[in-house]
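Q: this one's structure only:
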Ligand SMILES: Nc1ncnc2c1ncn2[C@@H]1O[C@H](COP(=O)(O)OP(=O)(O)OP(=O)(O)O)[C@@H](O)[C@H]1O
């Protein structure tokens, strides 16, 4: 069943075309990767799909809801991990989870349960009552990840989820995401990390200059081909510095 769909989405910021005819479709139970270079339009696509910004033209639908006409309806039903945001500096992770829980209509008991579960999953129980401003960047990221999944939404949008996490926690988050999808939920992950996309995603959409330029099922790649090969084939058309002098 299709749970996320975009049709010829376009959005410009001044003369920059952030989205330029993006069409894609994601089924329930997929861990779908949006893979693209810096500035490809991944974050803008996630923002349109979660009702945080409006496209200039084209269509978008999440769980049958149009994020342009009913942005609150979409946000009620999905989890979101934005790329650049941190938990509010004046609150502790526990308070942030209580806030998320109240917005998401969770009972206090469920919030407490989930707070303990996530603190254990990501090893930050001793930081639950520390002001966010005094947390490390990775501890803030753990708080944001837990916040996105706290109410166990059936669709979750996550932007660079592994940023700032140590390798052990990265592995735990990857395993969690795989289990979450295997339980029938849908996750869209935006990244420019090819290895993460290849390892984690059931399907990857390569986005370049605001359009979908390729789709790949990593497990079906030929043995002599990698996701990086596909990425470079479709994206590396810029005559830029290669790293050699
Ligand atoms: N609020 C904004 N105002 C002006 N330009 C913007 C704005 N947001 C995005 N852009 C531009 O739109 C383009 C797409 O940006 P976007 O953040 O969607 O890319 P991205 O694929 O998520 O990139 P990255 O991987 O670097 O995070 C870029 O050229 C960016 O500079």
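A: Received it, and whenever you're ready, just let me know what you need. Here the structure is a predicted model, which is why all the values come from computation and not from measurement. Numbers count the residues shown, from 1 in each chain.
Q: what helices or strands is the helix or strand where residue 143 lies leaning on?
A: Element membership for residue 143 (DSSP states H and E) is helix 137-149. Judged by 3 or more CB pairs under 8 Å, 6 or more residues apart in numbering; DSSP states H and E, the packing partners of helix 137-149 are strand 78-81, helix 93-103, helix 108-121, strand 155-159, helix 167-182. Placement of C-beta: from N, CA and C, glycine included.
Q: mind running it again at 6 Å?
A: Judged by 3 or more CB pairs under 6 Å, 6 or more residues apart in numbering; DSSP states H and E, the packing partners of helix 137-149 are strand 78-81, helix 93-103.
Q: right, so those: which one is the most enclosed?
A: Highest mean neighbour count among the helices and strands packed on helix 137-149 (mean count of other CB atoms under 10 Å): strand 78-81, with a mean of 23.
Q: That one vs the ligand: in contact?
A: No. Using CB under 6 Å from any ligand atom, strand 78-81 stays clear of the ligand, with a minimum separation of 13.3 Å.
Q: what lines up beside that strand in the sheet?
A: strand 155-159 (parallel) (DSSP bridges).
Q: Give me the contact list for the partner strand.
A: 3, 43, 46, 50, 78-83, 148, 186-190 (CB atoms under 6 Å, 6 or more residues apart in numbering).
Q: Enumerate the residues of this protein near the ligand.
A: By CB under 6 Å from any ligand atom, the residues of the chain that approach the ligand are 13, 16, 18, 36, 38-44, 83, 192.
Q: Whichever of the residues you listed end up buried, select them in ChimeraX.
A: A single ChimeraX command selects the buried members of the residues of the chain next to the ligand (16 or more other CB atoms under 10 Å):
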select :18,36,40,41,42,43,44,83,192
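Q: out of the residues of the chain next to the ligand, which are inside helices?
A: Judged by DSSP state H, helices contain the following of the residues of the chain next to the ligand: 42-44.
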